[in-house]
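Visitor: Pasting the sequence and the predicted model now:
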Protein chains: 2
Amino acid sequence: MLKTKGEAPVITAFESSPDRGRGLARDMRVRWALEEVGQRYEVRLVSFQAMKEPAHLALHPFGQIPTYEEGDLTLFESGAIVLRIAERHSGLLPVDVDARARATAWMFAALSTVEPPIVERSMATIVERDKPWYAARLPMLDERVRTRLGELSRRLGEADWLDGAFSAADLMMVTVLRRLDGSGLLEEHPNLCAYIARGEARPAYQRAFDAQWAVFEAASQVRTPAAPEG
Amino acid sequence: MLKTKGEAPVITAFESSPDRGRGLARDMRVRWALEEVGQRYEVRLVSFQAMKEPAHLALHPFGQIPTYEEGDLTLFESGAIVLRIAERHSGLLPVDVDARARATAWMFAALSTVEPPIVERSMATIVERDKPWYAARLPMLDERVRTRLGELSRRLGEADWLDGAFSAADLMMVTVLRRLDGSGLLEEHPNLCAYIARGEARPAYQRAFDAQWAVFEAASQVRTPAAPEG
């Protein structure tokens, strides 16, 4: 079980992140989780071209980032990677089995119920901005996101975190909600804004954010990315 | 740990499924998982109105089905429910810890990478069919689905299942792919069609399918749904 003890896991991240260092790419989730549990890690940066080539597709069938390599194990999907980290270290999931299952439900909710309409909206603002139908469709896309935010806000209420103590569920949900930054939609729910701010205030979040920011900054300054540092 | 031994878990399903008994609603995933492990279950049917009322929202913050009640535990999200069932019974996840993590990655991939463009396309065919932009957008939505199907098809190759033996990952992926039924997109990948057929041929799948079909048939015949039977 401890065959990788001493070896740092290796994750992949964008060589040149389209979010311009705002920490919205999915490697941020994995970095944050690793920082929360105090696990050192290494980062291999990949270009958009390399992501679609056989070497990377062997790690990630859908040609995306992040991937996670730990000894003989290779994983993809940020949800599965964060769950793996949370299961192998303490601090990201409750000890009680039922509470763990509930935290897992919130992880799936973040990724398969809350994130899809957010991504759909973001994609439209990029890919369909110049289309004649854009102005007519955007309010519909906003409304789909609003529905989810309203439901989430009602459930969270005045609580600090989704289900008791901070867990991998909050880590996933906060990173998903952050993708709405700049949309104006989060501001309709002060409790969600405060929730995101609580996540962002965690020292582990800040270390993860700084690490991905350093990659962006190095890439913009020298055009050839500096050696990655986790 | 075995406090619920003898008590059948209770799941929720649509009183009147919009898929007209085709087994595309998400309770199908949970039914199938329960059938695979031989766990008896009960079904409570909910109307669209009841799904948005406080009693159901207490079980499911986003007002959807399925939910899962087992003793004191309540879960939502089909991914988390299937994972719970797979973790508490044998037969749906490999024993090896690394292989389990890989199966979990495929579960997340089914739900957060493959399903979103499929749902986006399905939603458009329902909600935007009469819009002036529908004909221009559909090829774009088809293309997003095609990209994922192509990647999945390449990875699956001639294998029977995604990662060795049949697992909860295949259960999720097959149910996600089935949502493309009638789109014509699956037919571009004979290996994916054969993969779906292998899933559908499993006796547990067939028992789950028949159970949800019985609900649909009873609802159509008598207008007041018959007592649910799992």
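Guide: Done, it's in. Numbers count the residues shown, from 1 in each chain, chains lettered A, B, ... in the order given.
Visitor: Run through the neighbouring helices and strands of the helix or strand bottoming out on mean pLDDT in chain A.
Guide: Sorting the helices and strands of chain A by mean pLDDT, DSSP states H and E puts helix A:203-222 at the bottom, at a mean of 92. Counting contacts by 3 or more C-beta pairs under 8 Å, 6 or more residues apart in numbering or on different chains; DSSP states H and E, helix A:203-222 packs against strand A:10-14, helix A:27-37, strand A:42-46, helix A:190-200. Glycine gets a C-beta too; all of them are placed from N, C-alpha and C.
Visitor: most tightly surrounded among these?
Guide: helix A:27-37 (a mean of 25; mean count of other C-beta atoms under 10 Å in any protein chain shown).
Visitor: Give me the contact list for that helix.
Guide: The contact list for helix A:27-37 (C-beta atoms under 8 Å, 6 or more residues apart in numbering or on different chains) reads A:9, A:11-14, A:40-41, A:43, A:65-66, A:68, A:78, A:81-82, A:85-86, A:89-92, A:168, A:171-172, A:175, A:202-205, A:207-209, A:211-212, A:230.
Visitor: switch the cut-off to 7 Å
Guide: A:11, A:13, A:41, A:65-66, A:68, A:78, A:81-82, A:85-86, A:89, A:91-92, A:168, A:171-172, A:175, A:204-205, A:207-208, A:211-212, A:230 (C-beta atoms under 7 Å, 6 or more residues apart in numbering or on different chains).
Visitor: Same check on stretch A:50-61?
Guide: Counting by C-beta under 7 Å, 6+ apart, A:Val46, A:Gly63, A:Gln64, A:Ile65, A:Thr67, A:Thr74, A:Phe76, B:Glu151, B:Leu152, B:Arg155 sit against stretch A:50-61.
Visitor: Just say helix, strand or coil for the fourth one.
Guide: Reducing the assignment at A:Ile65 to three states with DSSP: H, G, I helix; E, B strand; the rest coil gives coil.
Visitor: can you count the residues close to it?
Guide: 24 (other C-beta atoms under 10 Å in any protein chain shown).
Visitor: how near is it to B:Tyr195?
Guide: 26 Å (C-beta to C-beta, to the nearest Å).
Visitor: Now do the helix or strand harbouring A:Glu115 against helix B:115-127, angle only.
Guide: In the assignment (DSSP states H and E), A:Glu115 maps to helix A:115-127. Taking axes from the mean of the first three to the mean of the last three C-alpha atoms, to 10 degrees, one finds helix A:115-127 and helix B:115-127 inclined to each other by 80 degrees.
Visitor: Mind checking the pLDDT average for helix A:115-127?
Guide: On average, the pLDDT along helix A:115-127 is 96.
Visitor: quick one: buried residues of the following helix or strand past that helix?
Guide: In the C-terminal direction, the helix or strand that comes right after helix A:115-127 (DSSP H and E) is helix A:134-156. By 16 or more other C-beta atoms under 10 Å in any protein chain shown, the buried positions in helix A:134-156 come out as A:Arg137, A:Leu141, A:Arg144, A:Val145, A:Arg148, A:Leu149, A:Glu151, A:Leu152, A:Ser153, A:Arg155, A:Leu156.
Visitor: For the closest residue to the fifth one other than its chain neighbours, which residues are in contact?
Guide: Counting by C-beta to C-beta, 6 or more residues apart in numbering or on different chains, A:Val114 is the residue found nearest to A:Arg148 once chain neighbours are left out, at 5.1 Å. If you count contacts by C-beta under 7 Å, 6+ apart, A:Val114 has them with A:Arg148, A:Leu152, A:Met173, A:Val176.
Visitor: Over to A:Gly164?
Guide: Applying C-beta under 7 Å, 6+ apart, the residues contacting A:Gly164 are A:Pro94, A:Ala99.
Visitor: what about A:Arg84, distance to A:Ala105?
Guide: In terms of C-beta to C-beta, A:Arg84 sits 17 Å off from A:Ala105.
Visitor: what about those two, which has more around it?
Guide: A count of neighbours by other C-beta under 10 Å puts A:Ala105 above the other of A:Arg84 and A:Ala105, at 28 against 25.
Visitor: which element is A:Met173 on?
Guide: Going by DSSP H and E, A:Met173 is in helix A:168-178.
Visitor: Could you do A:Met107 as well?
Guide: Assigned by DSSP H and E, A:Met107 belongs to helix A:97-108.
Visitor: Report the contact partners of the residue of chain A most remote from its centre.
Guide: Taking C-alpha atoms, centre = their mean, the residue of chain A most remote from its mean C-alpha position is A:Pro132, at 32.1 Å. With contacts taken as C-beta under 7 Å, 6+ apart, A:Pro132 has no neighbouring residues.
Visitor: Output the set of residues of chain A in proximity to chain B.
Guide: Contacts of chain A with chain B, taken as C-beta under 7 Å from any C-beta of the partner chain, map to A:61-63, A:72-73, A:75-77, A:79-80, A:83-84, A:98, A:101-102, A:104-105, A:108-109, A:111-113, A:115-116, A:119-120, A:133, A:148, A:151-152, A:155.
Visitor: for chain A, which spans come out with low pLDDT?
Guide: Chain A contains residues with pLDDT under 70 at A:1-6, A:222-230.
Visitor: Break chain A down into its domains, please.
Guide: In the domain annotation for chain A, the residue ranges read A:10-91+A:204-223, A:97-202 (automatic domain parsing).
Visitor: Fine by me, we can end here.
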